[in-house]
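Chemist: Need a 3D model of the following:
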Amino acid sequence: MKKFILALNIVDGPLIVAAYVLSAALCAALLMRRGPKPVAMTALWGAAGAVVGAVTLVVAEKILQAFGSPLDWSVRIWVIVFFTGLGVCGANFRGSGTWRKVLASVAALCFAATATLGINAYYGLNVTLASFLGVSLAPRIDLGPVPPHAAAPQKPLWETWKAPAGMPSEGSTAQVVIPPQISGFPSRPAGLYLPPAARVPNPPALPLVVLMMGQPGDPDPQYAAAVLDDYAAHHDGLAPIVIVADQLGDPMVDNLCLDSPLHGRPETFINRDVVDWARSHLNIIDNPKYWTIAGYSNGGQCAISFAAKYPSVWGNVLDISGEEYPGAEDPGDNLQDVFGGNQAAYDAQKPINIMKQQKYPDTRAIFTASTDDPVYLDAARHVSAAAAAAGMTVTYYEVPNGGHVIGALNGGLNKGFEVLYPRLGLSRPTP
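Modeler: Coordinates of the predicted model:
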């Protein structure tokens, strides 16, 4: 029963529709008070609530800059509607009986839940109650060591691989614990995606993708799995093995993907601990050409930073709606807290500046951002231009109207693997 509840769809299923209907019914009941004056007064309180909501948004966005980048109007409307509802609830506490006060209290809770569901549905990244709560429904597995594998195949897999009879039609997802043996970084369990070709007897060694999600966010493999299952279905079950690694530890803290006394050693965790674990526990092609570091939003910034710093490890990078540099949403506080006010030290960690120090003739880079996501679109343009100037083979792609939500993530993953499949030997190169 618990798993059933956690698996409930909260984006477009009956649960969110029921929340909308119940909130509308409760609002109507709260507005139905005897006499024209009480009704007018309740509406006035609702209008006052809307004003408070609007002021709260201005303070949070413009003065406190609590969200980094501007909120979408869909989110702002939900916030204002919620405060309007609270105003209506407040009016029903004045001069009313016990039952109406109880009704107003229940309505306030329902309005809060509905607004939360509405905002979550707009972003679309937490499809189930489990993902919203940061709980993975993927089974946790323990993988034993694998024998050493070849550095690179003599021929690409699309030429040599034949899908055997009985191969599963879809890949599988799981959770794995990656010990932080070098970094000591307190990561959460990683997500793992194994494509159909990895789920047969005597599977081929496959390319590796290490993907990092945004902040706040969870190392959930469902998004990569959905995209790659579709690719695998058109390529005889072939797809990369994907580790969705946790670069955050605490989802509410942006550690800048840098080793620091303040936040621990996430950079070492991803580039040493995750890499070492992948080499020893997964049947992968051990060659930088077949290894991709990828990320979305916060994870996108981490990905291009790591690709710039460690080209001998990562031959490919996929930056989906990534920030321009570490901590770009709050550079002032990060300058003081992480770098002790040392601007030169901070500048030295920005990918554009790192890439000025060397050339990358063997790195394939894909940068994507949405046409209606101006802050991250500018970041993608700037960083992709710097990558091209540094010698990377660059693909820059604008996702149509994807926002900074699920559309941006799915659009970036789809475009990224479209470019990477021939590079990774998973499909015939296009003429």
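Chemist: For stretch 237-252, buried residues please.
Modeler: Residues of stretch 237-252 classed as buried: 237-249, 251 (neighbour count, 16 or more other Cβ atoms under 10 Å). From N, CA and C alone the C-beta is placed, and that goes for glycine too.
Chemist: right, and the pair among these with maximum separation?
Modeler: Gly237 and Gly249 (34.3 Å; Cβ to Cβ).
Chemist: before we move on, the earlier item: minimum pLDDT in the buried residues of stretch 237-252, which residue is that?
Modeler: pLDDT across those is lowest for Pro251, at 90.
Chemist: what sits against it?
Modeler: Taking Cβ atoms under 8 Å, 6 or more residues apart in numbering, we find Pro251 in contact with 134, 215-218.
Chemist: Let me see the ranges of the helices in the stretch 101-250 of the chain.
Modeler: 129-132, 157-160, 222-233 (DSSP state H, counting those that start in this stretch).
Chemist: Any chance of CSV for these, columns mean neighbour count and mean pLDDT?
Modeler: Listed next are the helices of the stretch 101-250 of the chain as CSV, based on neighbours: other Cβ atoms under 10 Å; pLDDT from 0 to 100:
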stretch, mean neighbour count, mean pLDDT
helix 129-132, 20, 85
helix 157-160, 15, 94
helix 222-233, 21, 96
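Chemist: For Cys257, which of those is the nearest?
Modeler: Across the helices of the stretch 101-250 of the chain, closest to Cys257 is helix 222-233 (Cβ to Cβ), at 18.9 Å.
Chemist: Check which helices and strands that closest one is in contact with.
Modeler: strand 190-194, strand 241-244, helix 406-423 (3 or more Cβ pairs under 8 Å, 6 or more residues apart in numbering; DSSP states H and E).
Chemist: This structure: strands as residue ranges?
Modeler: 172-176, 190-194, 208-212, 241-244, 291-296, 316-320, 364-370, 393-399 (DSSP state E).
Chemist: got those as JSON lines, with distance to Leu30 columns?
Modeler: Shown next, in JSON lines, are the strands of the chain (distance: least, Cβ to Cβ, whole Å):
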{"stretch": "strand 172-176", "distance to Leu30": "44"}
{"stretch": "strand 190-194", "distance to Leu30": "43"}
{"stretch": "strand 208-212", "distance to Leu30": "45"}
{"stretch": "strand 241-244", "distance to Leu30": "44"}
{"stretch": "strand 291-296", "distance to Leu30": "40"}
{"stretch": "strand 316-320", "distance to Leu30": "43"}
{"stretch": "strand 364-370", "distance to Leu30": "38"}
{"stretch": "strand 393-399", "distance to Leu30": "41"}
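Chemist: which of those sits most buried?
Modeler: Comparing these by mean neighbour count (mean count of other Cβ atoms under 10 Å), strand 316-320 ranks first with a mean of 31.
Chemist: check contacts around Gly411.
Modeler: 368, 370, 397, 399-400, 402.
Chemist: what about 7 Å?
Modeler: Contacts for Gly411 (Cβ atoms under 7 Å, 6 or more residues apart in numbering) come out as 368, 399, 402.
Chemist: Looking at these, which is nearest Met392?
Modeler: Thr368 (14.8 Å).
Chemist: do you know how far that closest one is from Gly315?
Modeler: 19 Å (Cβ to Cβ, to the nearest Å).
Chemist: same question, Ser187
Modeler: From Ser187 over to Gly315 (counting by Cβ to Cβ), the distance is 24 Å.
Chemist: For the nearest residue to Thr128 once chain neighbours are set aside, grab the count of nearby residues.
Modeler: Of all residues not flanking Thr128 in the chain, Ala7 sits nearest, at 5.4 Å (Cβ to Cβ, 6 or more residues apart in numbering). Ala7 has 13 neighbours, counted by other Cβ atoms under 10 Å.
Chemist: His235 now?
Modeler: Number of residues near His235 (other Cβ under 10 Å) recorded here: 21.
Chemist: Val17 now?
Modeler: 11.
Chemist: what do you get for Pro156?
Modeler: Residues near Pro156, counting by other Cβ under 10 Å, number 18.
Chemist: Now do the contacts for it.
Modeler: Gly425.
Chemist: please begin residue numbering at 6 from this point
Modeler: Understood, numbering begins at 6; the last thing we discussed is Pro161.
Chemist: Regarding it, what are the backbone dihedral angles?
Modeler: phi -60, psi 150 (degrees, to the nearest 10).
Chemist: Distance check, it against Arg270.
Modeler: Note on Pro161: its distance to Arg270, by Cβ to Cβ, is 36 Å.
Chemist: ok, now Thr121?
Modeler: For Thr121, the distance to Arg270 - Cβ to Cβ - is 34 Å.
Chemist: more neighbours, the two?
Modeler: Counted by other Cβ under 10 Å, Thr121 and Arg270 do not tie: Arg270 has more neighbours, with 21 against 15.
Chemist: show me what contacts the more buried one?
Modeler: Contacts of Arg270 by Cβ under 7 Å, 6+ apart are 188-190, 264.
Chemist: Which pLDDT value belongs to Pro436?
Modeler: 69.
Chemist: Over to Leu382?
Modeler: With respect to pLDDT, Leu382 has a value of 96.
Chemist: right, and it touches Ala374 too?
Modeler: Yes - the pair Leu382 / Ala374 is scored as a contact, 4.4 Å apart, by Cβ atoms under 7 Å.
Chemist: All set now, cheers.
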